[in-house]
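Participant: build me a model:
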Amino acid sequence: MPNPMTSSSISYAGSAEASLIKSFGQALYTFLQFIPMKFFQTLVVCITTITLFVKPSIAAPPNPYLYFDEDSTSGELVPKAPQSRDEFLEALDGCCLAREQGILQSDGIEYVLALKIDFADMPGSRDGAAFDAYLYASEGVSLKTYYRENSYGQMDIQPGPMEGVVPTGNTWVRAKKPMTYYGEGARIVERYRELVREACEAVDSTVDFSQYDRDGDGIVDHVFLIHAGNNQAASGVTDDIWSILTKGVNGIYDGVRVDTAAVVAEEPDLEHPHLGIYFHEFFHDFGAPDVYGFSFTDARDHKWGLMGAFGPYQGPDGLGIRPSHISGYLKWDFDARPENGRLGWVQPVQITRNQKIDVPSFELTPGSDKLFKIDIHSSARTLRGEATEFFLIENRNKASGATFDTYLPESGLLIWHIDETEVYPLGSFDASQQIWLEDPTDPEHLGISQQDGDEFIDLQAITDGAAYSADDGQTAFTPGTLPNSNANDGTVTGISITNIGPEGLTIPILVSFGDTYEPNDTLASAFPITYGETYESFLFSLTDTRDVYKLEAIHGVTILVTLADIPPNKNYRLSLQAETGEVRAIAENATDIAGLRILYQPNMTGAFYLVVESDGGFSSTDSYRLRVDQLQAEPFALKEMRVYPNPLRSGEDVVTFAYRLSASQVADEVNLEIFIPTGDLVYSETRENVAAQGKFEWRGTTHSGTPLASGIYVYRVSARQADLLVQEIGKLSILK
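Facilitator: Next comes the predicted model:
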């Protein structure tokens, strides 16, 4: 029979289920420090099978940095103490309780009633003024500044009529029992409720609780209970109290009810408490779920959001003084339950057509245009007419100048894949099943690292490389990239996010549906392109096997065109054409890339056209990449010279002298001269105003057209630019 004092939603240390998790977890985490990846999949199945039968416990995310040190040589996490592995794994099995649905005050002002309580075996030591600063300070790091920044100025945390933490100064409410009694609240939740009620009863004569019900619903809006001593999530000491949001307090004071309370620790052993945990638990009071993942190898939010396992602890030494921002999805819908509506600070910008977008820094005001949404229309299921599967895009910038997000793993564009057909069930408090962060460096979130030729799990690094940017060469997310833009059921969406720019206060992107730059099948509809940018697109179907791009060229400035990532077994061609449709250059196979290349120096300023077409095959999932660069001028020279055929045999009409000048150079004239071995000139020809490359065709005759006899001849090709002269001299043979 269940213990009536234990919440049905809690797995606690005394249960058979928890004992099974603990013993299995101890062995598993020890093995994962050394286990080769070939055994990893089997272990994940084991984890998943066991956790399916275990209900989540109430627990703030344990601080990974206080359980482990990073080895300076290998980068692996090393336990601080022999028991650290066990305690961390057990802690990761938990998640916090949350209000079933949050409420926002219409004027943005949220009163937070903060109470202090200590114990005979653990007296409080911090002054009330310190807690006033942690919660209500207008500058620096506080609950007020964190939610002001995250809400883009829409939320204002205030202490209400009490004007600060209660009791004031060095006075604390004294609990009726020792701290060790309440420390068992992690397995007997009623003891948390008992502690909250004791604090409320002690201050009832000085606090008018009804003034903290600003919306008049009969429930106190927010209660913070700060207890003396440490947070078990960080200390690992079982007698300490684990920071949680406590539900079901059910204390009536001044005609209103205290329903929930965020229970957090004083943490006197540290310079300041883990404020990221304060912020984390407060967001639970608005109904926000955790985003930990169902096993520690399945991190979803991780370091990128306040509700992830690492997010609350970001900052110097992992002490949570610069926690991550709340992720965009939860800023839009606090509780991640679309069936009850969207309560949040932001409204995503819906993208429905091909367009370029400058994505602004996620951290800075104003709050508009911070989050961009692309529906996956292949999903047949909808909710209230909305697609239930979509991508959310945000620009995370650790150098934005904001107070928070400064300790992110990196800066760049985050692409979240949200699937609301997988909304977490009632009674659960982890929404990771519906939230996935696309990671170009680790698409499956495996966290695999290598050492001495073996592969290992690096828990700390999961999703560290998830931010896309040109700085990292991660400029595209398409049906053909890894990860790709497919729906979770495998359907090809045709969604492409390309031309992702460098990290910064804004990141430019191009969003496309289907073929990227349509219509661009003719010279008249050619898509204009810019030098130095990469364009990803598709030869999409039998009715679309040609793409045309327009560029503006400058006389004498060499252009380099590359067509890379051509889909396997597809016969693509690349050509450069003039406005008349005349083909000026046809691409050749490149030696240093898997693709085609054109090197061309225009002999005029004006428009030219690049044509990508297929002589066989197309692909709606595998994109090609087109890029055009202008080459900087090199010193004037003949860079390449080819003479063929050599020798000129009977039956062959001409010898070709093909030459190429150095990049972005123009010769006033280029000359071909043919000499007999005695030095007498027998033939010459001149080209004027030559750019890039050209050729002479010589028929083996003199100036007058008389055929030359068999023998050895000397050729000289010379190029002149003002007073500069460069030349190539060689021998050729005529055999008749």
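Participant: gap between residue 132 and residue 327?
Facilitator: 29 Å (C-beta to C-beta, to the nearest Å). (C-beta placed from N, C-alpha, C; glycine too.)
Participant: what about those two, which has more around it?
Facilitator: The residue with more neighbours, out of residue 132 and residue 327, is residue 327; 27 against 17, by other C-beta atoms under 10 Å.
Participant: tell me where the stretch 201-350 of the chain has strands.
Facilitator: Ranges of strands in the stretch 201-350 of the chain, per DSSP state E, counting those that start in this stretch, are 223-227, 244-246, 251-253, 256-258, 261-265, 349-350.
Participant: likewise for the stretch 351-500 of the chain?
Facilitator: Taking DSSP E, counting those that start in this stretch to define them, one finds strands in the stretch 351-500 of the chain at 355-360, 372-375, 382-383, 386-387, 389-396, 412-419, 435-437, 448-451, 454-457, 495-498.
Participant: so which of the ones you listed comes closest to residue 627?
Facilitator: strand 495-498 (11.8 Å; C-beta to C-beta).
Participant: list the helices and strands the closest one packs on?
Facilitator: strand 389-396, strand 506-513, strand 534-537 (3 or more C-beta pairs under 8 Å, 6 or more residues apart in numbering; DSSP states H and E).
Participant: redo those as JSON lines? Include mean pLDDT and mean neighbour count.
Facilitator: Output for the helices and strands packed on strand 495-498, formatted as JSON lines (pLDDT from 0 to 100; neighbours: other C-beta atoms under 10 Å):
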{"stretch": "strand 389-396", "mean pLDDT": "98", "mean neighbour count": "25"}
{"stretch": "strand 506-513", "mean pLDDT": "94", "mean neighbour count": "21"}
{"stretch": "strand 534-537", "mean pLDDT": "85", "mean neighbour count": "22"}
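Participant: now tabulate those in CSV and tack on distance to residue 278.
Facilitator: Formatted as CSV, the helices and strands packed on strand 495-498 follow (distance: least, C-beta to C-beta, whole Å):
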stretch, distance to residue 278
strand 389-396, 22
strand 506-513, 31
strand 534-537, 44
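Participant: could I get the full set of helices for this structure?
Facilitator: 16-32, 40-51, 64-67, 84-92, 128-136, 143-150, 179-183, 190-203, 232-235, 275-284, 328-332 (DSSP state H).
Participant: tell me the angle of the fifth one relative to strand 261-265?
Facilitator: Looking back up the chat, that one is helix 128-136. Helix 128-136 and strand 261-265 are oriented at 130 degrees to each other (axes from the mean of the first three to the mean of the last three C-alpha atoms, to 10 degrees).
Participant: output the below-cut-off pLDDT ranges for the stretch 601-736 of the chain.
Facilitator: Of all residues in the stretch 601-736 of the chain, none has pLDDT under 70.
Participant: in it, which spans are strands?
Facilitator: Ranges of strands in the stretch 601-736 of the chain, per DSSP E, counting those that start in this stretch, are 606-616, 624-630, 638-644, 648-649, 655-661, 666-675, 681-691, 693-698, 711-721, 724-735.
Participant: between the ones you listed, which gets nearest to residue 161?
Facilitator: strand 624-630 (62.7 Å).
Participant: report the angle between that closest one and strand 606-616.
Facilitator: 150 degrees.
Participant: picking that back up, how about JSON lines for the strands of the stretch 351-500 of the chain, with distance to residue 262 added?
Facilitator: Shown next, in JSON lines, are the strands of the stretch 351-500 of the chain (distance: least, C-beta to C-beta, whole Å):
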{"stretch": "strand 355-360", "distance to residue 262": "32"}
{"stretch": "strand 372-375", "distance to residue 262": "31"}
{"stretch": "strand 382-383", "distance to residue 262": "31"}
{"stretch": "strand 386-387", "distance to residue 262": "32"}
{"stretch": "strand 389-396", "distance to residue 262": "26"}
{"stretch": "strand 412-419", "distance to residue 262": "26"}
{"stretch": "strand 435-437", "distance to residue 262": "23"}
{"stretch": "strand 448-451", "distance to residue 262": "36"}
{"stretch": "strand 454-457", "distance to residue 262": "33"}
{"stretch": "strand 495-498", "distance to residue 262": "38"}
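Participant: ranking those by mean pLDDT, which is last?
Facilitator: Note on these: strand 382-383 shows the lowest mean pLDDT, a mean of 60.
Participant: now the strands of the stretch 601-736 of the chain in TSV, with mean neighbour count and distance to residue 471?
Facilitator: Shown next, in TSV, are the strands of the stretch 601-736 of the chain (neighbours: other C-beta atoms under 10 Å; distance: least, C-beta to C-beta, whole Å):
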stretch	mean neighbour count	distance to residue 471
strand 606-616	17	27
strand 624-630	19	17
strand 638-644	15	32
strand 648-649	18	54
strand 655-661	20	34
strand 666-675	19	35
strand 681-691	15	35
strand 693-698	17	35
strand 711-721	17	39
strand 724-735	14	39
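Participant: so which of those is nearest residue 194?
Facilitator: Among the strands of the stretch 601-736 of the chain, strand 624-630 comes nearest to residue 194, with 63.6 Å by C-beta to C-beta.
Participant: partners of that closest one, with directions?
Facilitator: Next to strand 624-630 in the sheet, as set by DSSP bridges, lie strand 534-537 (antiparallel), strand 559-564 (antiparallel).
Participant: can you list the domains in this protein?
Facilitator: For the chain, the structural domains run 98-287, 328-507, 515-630, 638-734, going by the TED database.
Participant: reformat those domains as JSON lines; add distance to residue 314.
Facilitator: JSON lines is the format used below for the domains of the chain (distance: least, C-beta to C-beta, whole Å):
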{"stretch": "domain 98-287", "distance to residue 314": "7"}
{"stretch": "domain 328-507", "distance to residue 314": "4"}
{"stretch": "domain 515-630", "distance to residue 314": "32"}
{"stretch": "domain 638-734", "distance to residue 314": "47"}
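Participant: any regions of this structure where pLDDT drops low?
Facilitator: 1-68, 70-77, 82-102, 185, 294-299, 378-385, 590-593.
Participant: can we see that at 50?
Facilitator: Scanning the chain for pLDDT under 50 picks out 1-58, 92-98.
Participant: can you pull the contacts of the closest residue to residue 683 other than its chain neighbours?
Facilitator: Leaving aside its sequence neighbours, residue 683 sits nearest to residue 674 (C-beta to C-beta, 6 or more residues apart in numbering; 4.0 Å). Under the criterion of C-beta atoms under 8 Å, 6 or more residues apart in numbering, the contact list for residue 674 reads 681, 682, 683, 684, 698, 713, 714, 715.
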